[in-house]
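> sequence and predicted structure below; questions after.
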Amino acid sequence: MAVLDIRNLIYWYRTRRGAVHAVDNISFKLEQGETIAVVGESGCGKTSTANAILRLLPKNVERYEGEIWFDGQDIMALGNEDFRKQVRWKGISMVLQGALNALNPTVRAGAQVAEPLIVHYDVDRDEAMEQAIAAMKRVGLPQDIARRYPHELSGGMKQRVVIAMALILKPKVVILDEPTSALDVMTQTNIINLLKEMKAAEGLSYIFITHDLGLASDLADHVAIMYAGEIDEIGPADHVFVHPKHPYTGRLLASVPRLRSEDAPEFIPGAPPDLTRPPPGCRFHLRCPVAFEKCGWVAEEFVDRLRLLQATTQGKEGFPRFSEVEARGTQMVVLRADSDSPETLAASFSEFVKSGRETNPFLKSVRSVDAKTKAVAVTLHEGAPPPLIGEEWRAACWLVQEATAHDTIPA
Ligand SMILES: Nc1ncnc2c1ncn2[C@@H]1O[C@H](COP(=O)(O)OP(=O)(O)O)[C@@H](O)[C@H]1O
Ligand code: SF4
Ligand SMILES: [Mg+2]
């Protein structure tokens, strides 16, 4: 039985610009003694996922729904008081993002580690200190560190203190939110080794949150790739990192610099979308190099792309001569020309779509081009969001479905 089983988790924030879809219907499982790495660019919803699991809710949470099964119990069904007593820190704990810089400078390290016991469980100070020293020993810190103030500790020691804080109530699951991103490479390696040792010795289960694929591949048994509030690919780490199925995972891997390679790392063009208005269809379609008909362009995006192309290729041969372009509803674009007839414009636009589809995937969304009395109507294919396709190893990409249907894996 999985120690943690998350089903259809939703966690949105309310803002003046609209609801931020930070975590949008994600599901994953974590087995006892295993690590799942949650990987993705900044702003894709990793920290929000962690906060949702631990029920850390800011005032502006707009939606918080789903099931979280921990040790066979749906902890979403618990009242706040029971959740605090039974689950938070005791069952599932967390090393918060940036926690080593948030240590209280005026309190000695040992007292900070002991604090959860005193605050949450009313344990007396001496016993709490004893347990704090034991927890610090588990993370490789000698006893005298307990009496030091944070400014007397190195970055690596501070991170060990923070990990000791997360372990003091002996949780089964520890969520580590970018636990090494503020550390130098050597210290980072030491902390990763410590996490591995503790996992092997104590059967701990980790959710390891990172934007660093190298670290994820070093530590993880399973990996979930997040993009724009969703999971795009999830499966055993040795599969996902070796033969990614989702184009976004492929791009992430290609963007990692390699020591002995002459090839420059590739960057992913564009930026993650605004989560108050997640793109329709596949959320990655605006940045996807292999997007095709089904991926979900809408007229407004098409018009933006076309105008951009018009501005950059102006005057070049082969670019259709239109003077106006506008979106009509979600799936229709209307073009007008000053000089050419609608028939001439429709013919040149059709030719342009045919020859430009591979370099500009958004053109693949054109379903038909029709000359009307005064203008040209371009109708777009309707897209849909791809579900996660597969069993043990799943990816949310329509290409995976096509490949399964034809019994091949996409390159
Ligand atoms: N308290 C908040 N109120 C409104 N929006 C938030 C809040 N916290 C995070 N967000 C937004 O939610 C999205 C996901 O953020 P986050 O979970 O921190 O991503 P990550 O950890 O992957 O960088 C981002 O668009 C971020 O701006
Ligand atoms: S469904 Fe697949 S091919 Fe289409 S945009 Fe998304 S990732 Fe790219
Ligand atoms: Mg974060």
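Ah, there it is. Numbers count the residues shown, from 1 in each chain. Ligands and ions are numbered 1, 2, ... in the order given.

> other SSEs contacting the longest helix along the chain?
Assignment by DSSP state H gives helix 185-202 as the longest helix of the chain. With contacts taken as 3 or more CB pairs under 8 Å, 6 or more residues apart in numbering; DSSP states H and E, helix 185-202 sits against helix 155-167, strand 205-210, helix 213-219. Any C-beta I mention is one placed from the backbone N, CA and C, and that applies to glycine too.

> centre of the chain to stretch 144-162, how far?
Distance of stretch 144-162 from the chain centroid (CA atoms, centre = their mean, to the nearest Å) equals 31 Å.

> what do you get for stretch 176-186?
18 Å.

> who touches that stretch?
If you take CB atoms under 8 Å, 6 or more residues apart in numbering as the criterion, stretch 176-186 is touched by 46-47, 50, 94-101, 155-156, 159, 162-163, 187-188, 191-192, 195, 206-212, 215.

> filter the residues you listed to the buried ones?
46-47, 50, 94-97, 99-100, 155-156, 159, 162-163, 187-188, 191-192, 195, 206-211, 215 (16 or more other CB atoms under 10 Å).

> my guess is residue 286 meets residue 279, correct?
Yes - applying CB atoms under 8 Å, one finds residue 286 in contact with residue 279, separated by 5.9 Å.

> shared neighbours of these two, anything?
What both residue 286 and residue 279 touch, as defined by CB under 8 Å, 6+ apart, is the set 273, 301.

> now the phi/psi pair for the residue of the stretch 201-350 of the chain at minimum distance from ligand 1, please.
Using CB to the nearest ligand atom, the single residue of the stretch 201-350 of the chain nearest to ligand 1 is residue 275, 4.6 Å away. Note on residue 275: backbone dihedrals following degrees, to the nearest 10 are phi -80, psi 0.

> so what's the closest residue to ligand 1 within the stretch 51-200 of the chain closest to, chain neighbours aside?
Nearest residue of the stretch 51-200 of the chain to ligand 1 (CB to the nearest ligand atom) works out as residue 58 at 4.6 Å. Leaving aside its sequence neighbours, residue 58 sits nearest to residue 13 (CB to CB, 6 or more residues apart in numbering; 7.2 Å).

> the one you found in helix, strand or coil?
Of the three states, residue 13 takes strand according to DSSP: H, G, I helix; E, B strand; the rest coil.

> any idea how far it lies from residue 100?
Separation of residue 13 from residue 100 (CB to CB, to the nearest Å): 26 Å.

> in a strand, residue 110, correct?
No - the assignment for residue 110, made by three-state DSSP, is helix rather than a strand.

> how about it, what does it touch?
Applying CB under 8 Å, 6+ apart, the residues near residue 110 are 129, 132-133, 136, 145-147.

> what do you get for residue 75?
With CB under 8 Å, 6+ apart, residue 75 has these contacts: 68-69, 83, 86-87, 91.

> so residue 383 is in contact with residue 297, correct?
Yes - taking contacts as CB under 8 Å, residue 383 lies within contact range of residue 297: 6.6 Å.

> so what sits against both of those two?
Residues touching both residue 383 and residue 297 (CB under 8 Å, 6+ apart) are 281, 285, 365.

> near ligand 2 too, which of those?
residue 285 (CB under 6 Å from any ligand atom).

> in TSV: the shared contacts of residue 383 and residue 297, plus neighbour count and secondary structure.
Formatted as TSV, the shared contacts of residue 383 and residue 297 follow (neighbours: other CB atoms under 10 Å; DSSP: H, G, I helix; E, B strand; the rest coil):
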residue	neighbour count	secondary structure
281	23	coil
285	26	coil
365	30	helix
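
> ok, back up a step: what about the residue of the stretch 201-350 of the chain closest to ligand 1, how many neighbours?
Neighbours of residue 275 under the rule other CB atoms under 10 Å: 24.

> helix, strand or coil for residue 51?
helix.

> flag every residue of this protein that's near ligand 1.
The chain comes close to ligand 1 at residues 13, 15, 20, 22, 40, 42-48, 58, 60, 275, as judged by CB under 6 Å from any ligand atom.

> would you enumerate the residues in contact with the closest residue to residue 71 other than its chain neighbours?
By the measure of CB to CB, 6+ apart, the closest residue to residue 71 outside its immediate chain neighbours is residue 3, 6.2 Å from it. Counting by CB under 8 Å, 6+ apart, residue 3 touches 30-32, 70-71, 172-173, 205.

> noted, bye for now.
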